[in-house]
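J.: Please find the sequence and the predicted model below.
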Amino acid sequence: MISVLQPEQQNSVASAPPAMAGTNPSGTVQDVASKGEVPERYIHKESDRGARDAPLMAAPVIDMALLSSSSESGPELEKLRHGLQSWGCFQVVNHGMSAEFLDEIRRLAKQFFDLPMEEKSKYSREEDEIEGYGNDMILSNQQILDWTDRLYLTVYPKESHRFKYWPTNPERFRAVLHEYTANVKLLSEKILKAMAISLDLNEDSFIKQYGEEVKLDARFNFYPRCRNPDLVLGVKPHADGSAITILLQDEEVEGLQFLNGNEWFNAPIVPGALLINVGDQAEITSNGIFKSPVHRVLTNSERERISLAVFYLPDWEKEIEPLEKLIDETRPRLYKTVKNFVGLYFQYYQQGQRPMEAARI
Ligand SMILES: O=C(O)CCC(=O)C(=O)O
Ligand SMILES: [Fe+2]
């Protein structure tokens, strides 16, 4: 079994090893961007830079109402399974949250990032913490920094809320985030059930493995405009360490790309939809049938971009492993049993390596 951090380092499940964590001395990207020049630490070598004119991703759009309906779920389940096998993601509509509600979240996020630096810095991340407002965490000297500022908050369970990091300005921020969290939790459970059913498993197979004490972490991503967008990446290529991730994309500005085979594809903006992607832990549970896709974010010179990712994280004490029913002679077991995968994840991520390599048999 692979297990990395000790329990005392686990006040935040996704906390990085304190010795490796650092505050990025160059200030927020918003500050850096306002000065115009792109500092060396953000510049990727030519071969790692992104191209905007990628083809559009063909991952399916799933209708949650159809998926949950007893008589009409068949074709939708098939679409879901196909999407998760071939792209590792799908967009979901009819998920119970209105377009107006999603717009309100985006608006509040924008209002927060638009506040004067002095106001935002009341919620600043501390050096050995992951939660709070700040720039990319520095975990290694070679790390090329992401062109993004973030507000990172554990939003579930309630007992884990650390309100010193939760903005009170704009005023409705907290209330709306509570409501969004409750909705995303329910939606995640429905999706995890549908994922299991699509593989002919008992609907609780994934959920049971992830345990009672799952955690939801929210990451508001703010990508300022960049004078030289081709030199930088909003987020470097990575796969998520979650079981699944629920992403609210910017309503107008594209930038997210998924790798499929050796080719990058643009994620389309589907009005009113949320984008769901498989994380490494659901790839392990599914014994590799579902793919945790590598993705990245490009920035641009004209428009800033905002997104909100919610990571559905299994109880860190639960053992995560391929489900028995998904292992047979034709499909041998592909992954070891892992525990506290997020701890492992952080050690690999900023060095540009995939933690999944450590889990593979
Ligand atoms: O901004 C986006 O669209 C994606 C962000 C992302 O991949 C992440 O926060 O893990
Ligand atoms: Fe991601």
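T.: Nice, I can see it. Just so it is clear, the structure is predicted and the values come from calculations on it, not from any experiment. Numbering: from 1, shown residues only. Ligands and ions are numbered 1, 2, ... in the order given.
J.: Pull the contacting residues for residue 81.
T.: By Cβ atoms under 8 Å, 6 or more residues apart in numbering, residue 81 lies in contact with 198, 199. Any C-beta I mention is one placed from the backbone N, CA and C, and that applies to glycine too.
J.: all helices for the stretch 1-150 of the chain, in order.
T.: With DSSP state H, counting those that start in this stretch, the ranges of helices along the stretch 1-150 of the chain come out as 29-35, 64-68, 73-86, 99-114, 117-120.
J.: Next one: the first one, is it in contact with ligand 1?
T.: Spelled out, that is helix 29-35. No. Helix 29-35 stays clear of ligand 1 (Cβ under 6 Å from any ligand atom), getting no nearer than 13.3 Å.
J.: Which other helices and strands does that helix contact?
T.: Other helices and strands packing on helix 29-35, by 3 or more Cβ pairs under 8 Å, 6 or more residues apart in numbering; DSSP states H and E, are strand 215-223.
J.: ok, which stretches of the stretch 251-361 of the chain are strands?
T.: Listed from the start of the chain, the stretch 251-361 of the chain has strands (DSSP state E, counting those that start in this stretch) covering 256-260, 263-266, 274-278, 295-297, 305-313.
J.: oh, I was asking about the stretch 101-250 of the chain
T.: Counting by DSSP E, counting those that start in this stretch, the strands of the stretch 101-250 of the chain are 132-135, 149-156, 215-223, 235-238, 244-248.
J.: and the helix or strand of the chain with the lowest mean pLDDT, C-alpha only, in CSV?
T.: Sorted by mean pLDDT, DSSP states H and E, the helices and strands of the chain end with helix 341-349, the least confident at a mean of 79. Taking only C-alpha atoms (Å, rounded to 0.1, in the frame of the first residue of the first chain), the coordinates of helix 341-349 have been written out as CSV:
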residue,chain,number,x,y,z
PHE,A,341,-3.5,9.7,-2.4
VAL,A,342,-3.7,13.5,-2.1
GLY,A,343,-0.5,13.5,0.0
LEU,A,344,1.3,11.6,-2.7
TYR,A,345,-0.2,13.8,-5.3
PHE,A,346,1.3,16.9,-4.0
GLN,A,347,4.8,15.5,-4.0
TYR,A,348,4.6,14.7,-7.7
TYR,A,349,2.5,17.4,-9.1
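J.: Go through it and flag the buried ones.
T.: By neighbour count with 16 or more other Cβ atoms under 10 Å, helix 341-349 contains the buried residues 341, 342, 343, 344, 345, 346, 347, 348, 349.
J.: Any part of that helix near ligand 1?
T.: No. Using Cβ under 6 Å from any ligand atom, helix 341-349 stays clear of ligand 1, coming no nearer than 10.1 Å.
J.: From the contact counts, what lies against that helix?
T.: Using 3+ Cβ pairs under 8 Å, 6+ apart: helix 341-349 touches helix 280-285, helix 356-359.
J.: Among those helices, show me which one is buried the most.
T.: Comparing the helices and strands packed on helix 341-349 by mean neighbour count (mean count of other Cβ atoms under 10 Å), helix 280-285 comes out on top with a mean of 27.
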